[in-house]
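Peer 1: how does the following fold in three dimensions:
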Amino acid sequence: MPANIAREFNEKGTAYAKEAYGKTQAAAGEATKVMEQTYSAASKGAADFNLHLLDITQANMNAAFDFARELTHVRSLPEFFEVSTAHVRKQVETLTKQTQDLTHLTQKVTTQAAQPFQAVGKTFNQSS
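Peer 2: Residues are numbered from 1 along each chain as shown. Just a heads-up that it's a prediction; the model follows:
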């Protein structure tokens, strides 16, 4: 009788260990998939962000050269202040728009990178 109990206990332990291993393996596979999706979304988002920064840099450089060209035509101090003030006003407006664009892009990238984690969270919530 004690041998049967030991064997039964051993079989249950082995079955439990196999089940736990299978669940762990499935969870690890899911975690790997989530990390790959997250990395992919983050990489694409970072590339989009960097391209947008390059566009902003190009626009700001063009504005600086345009301003320098305008200064070559200035003939008086009041005209210099007028051109400078107009340039600063325009650049502040441009900077505000660029900052808003980058903020929106950052939020979009963050949301897209977090989506795989949200999907896993929903799956766990449904299964519990």
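
Peer 1: could you check how many residues crowd around the closest residue to residue 114 other than its chain neighbours?
Peer 2: Distances taken as C-beta to C-beta, 6 or more residues apart in numbering put residue 38 closest to residue 114, at 7.7 Å, once the chain neighbours are dropped. Where C-beta positions appear, they are placed from N, C-alpha and C, glycine not excepted. A count of nearby residues for residue 38, using other C-beta atoms under 10 Å, gives 16.

Peer 1: just the one 10 residues further on next, same as before
Peer 2: When counting by other C-beta under 10 Å, one arrives at 14 neighbours for residue 48.

Peer 1: next one: residue 85
Peer 2: By other C-beta under 10 Å, the residues close to residue 85 number 10.

Peer 1: could you check the pLDDT of it?
Peer 2: In this model, residue 85 is scored at 97, pLDDT.

Peer 1: tell me which element it is part of?
Peer 2: helix 77-127 (DSSP states H and E).

Peer 1: ok, residue 67 to residue 5 distance?
Peer 2: 90 Å (C-beta to C-beta, to the nearest Å).

Peer 1: ok, the two, which is more surrounded?
Peer 2: A side-by-side neighbour count of residue 67 and residue 5, using other C-beta under 10 Å, places residue 67 first with 16 against 9.

Peer 1: report the rounded mean pLDDT for the one helix or strand residue 17 maps to.
Peer 2: For residue 17, the host element (DSSP H and E) is helix 2-71. What helix 2-71 shows for mean pLDDT is 86.

Peer 1: please name the nearest non-neighbouring residue to residue 70.
Peer 2: Closest to residue 70 by C-beta to C-beta, 6+ apart is residue 83, at 5.2 Å.

Peer 1: these two touch, right, that neighbour and residue 71?
Peer 2: Yes. Assessed by C-beta atoms under 8 Å, residue 83 is found in contact with residue 71 at 6.5 Å.

Peer 1: wait, what's in contact with residue 52?
Peer 2: Taking C-beta atoms under 8 Å, 6 or more residues apart in numbering, we find residue 52 in contact with 101-102, 105.

Peer 1: thanks a lot, catch you later.
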